[in-house]
Every structure is written in C-alpha cells, then in structure tokens.
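This is a predicted model, with the sequence first.
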Amino acid sequence: MSSYTIKVRRETDPTSGVTSFVATAYKGRRKLGTTDARHLRKLDQYVRDVIVLGDDLDDAAAANLDLVWRFEEDDVLDEAARTAAALAELRARESRLVAAQHATIRTLVARGMSVRDVAAASGVSPGRVGQVASVSSRAR
C-alpha cells in the first residue's frame with residue numbers, strides 16, 4: 001500500500017478570526033490536492049477524499065489509506081500524530097502476535113500436551129489455555 005504525506009498548517013482568517021487547518025496531500029513528491037477544515041476529524045475525511053480523487057482510487061480505499069501527518073510550525077501536534085501512528089502500528093502487531101500465540105496453543109493442545117505445560121511454554125495461565133482451546137473446539 002502506498003503512503004501519503006499530509007502537510008498541515010493552521011490559518012486564521014483575518015476578517016472573521018476563524019482558525020482552520022489547511023492540508024496538502026502528497027504521494028512522494030507529487031501533490032494530489034489541498035483542502036481545509038475547522039476540525040482535524042473533518043480534515044482527515046476531506047484529505048482522504050482528495051487522495052481518492054487525485055490518485056484515481058476506488059472510494060472504498062479511503063478508509064485504508066496510510067497517511068503520515070506532518071504539522072508545520074506545531075511540534076506538539078506533530079508529536080501527537082507520530083505517537084498515534086506508532087500506537088496504531090503497535091496495536092496491529094500485538095493483534096498478529098496474539099493470533100499466532102492462540103494458533104500455537106491450539107496446536108500444542110491438539111498434540112496432547114497438558115494444559116499446564118502449554119501454559120508454561122506460552123506464558124499464559126492454564127485458564128487462558130483452556131479458553132483458547134475451547135474456542136477452537138466450539139468453532140468446529
């Protein structure tokens with residue numbers, strides 16, 4: 001999947017005093033488009049629309065775009081975006097590791113290994129081994 005860089009700056013309208021976020025979407029060095037919104041949640045939605053149109057993607061692709069946010073002149077917002085991206089990556093990795101652990105537990109139990117031994121090898125309680133194994137047997 002391609003990664004898109006979103007450069008964001010805050011602007012205040014001198015007449016109304018309304019502050020909004022202005023975002024420009026890039027794929028590599030190619031500028032896809034610019035949009036603005038008063039709130040970051042709406043900006044995210046608008047940026048995804050700009051990318052779908054600018055990169056000629058299917059509408060369904062908008063939800064799964066890999067966006068890298070860069071906040072110009074605001075180190076705290078930039079750090080918040082980097083932290084959120086790192087946490088999302090960590091959660092995805094944790095999910096894959098838990099799935100692998102459950103598969104291993106089910107395999108060991110199916111081989112006839114005792115629940116206590118599987119628990120010790122897997123770093124979980126015997127009760128958790130029982131839960132994982134019983135979910136497997138119910139799914140059949």
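Yes, it's here.

which parts of stretch 10-29 are buried?
20-21, 23-26 (16 or more other C-beta atoms under 10 Å). Where you see a C-beta, it was placed from the backbone N, CA and C, and this is true even at glycine.

Tell me which residues are up against it.
2, 4-9, 31-40, 43, 46-47, 50-51, 54-55, 73-74 (C-beta atoms under 8 Å, 6 or more residues apart in numbering).

Just the ones of these in helices?
40, 43, 46-47, 50-51, 54 (DSSP state H).

Show me what the lowest-mean-pLDDT helix or strand in the chain is packed against.
In the chain, the helix or strand scored least confidently by mean pLDDT, DSSP states H and E is helix 126-139, which has a mean of 82. Using 3 or more C-beta pairs under 8 Å, 6 or more residues apart in numbering; DSSP states H and E, the elements in contact with helix 126-139 are helix 75-110, helix 115-122.

Present the buried residues of stretch 10-29 as a markdown table; the columns should include pLDDT, distance to Leu65 and secondary structure.
A markdown table is the format used below for the buried residues of stretch 10-29 (pLDDT from 0 to 100; distance: C-beta to C-beta, whole Å; DSSP: H, G, I helix; E, B strand; the rest coil):
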| residue | pLDDT | distance to Leu65 | secondary structure |
| --- | --- | --- | --- |
| Ser20 | 91 | 22 | strand |
| Phe21 | 92 | 18 | strand |
| Ala23 | 94 | 13 | strand |
| Thr24 | 94 | 15 | strand |
| Ala25 | 95 | 9 | strand |
| Tyr26 | 94 | 13 | strand |
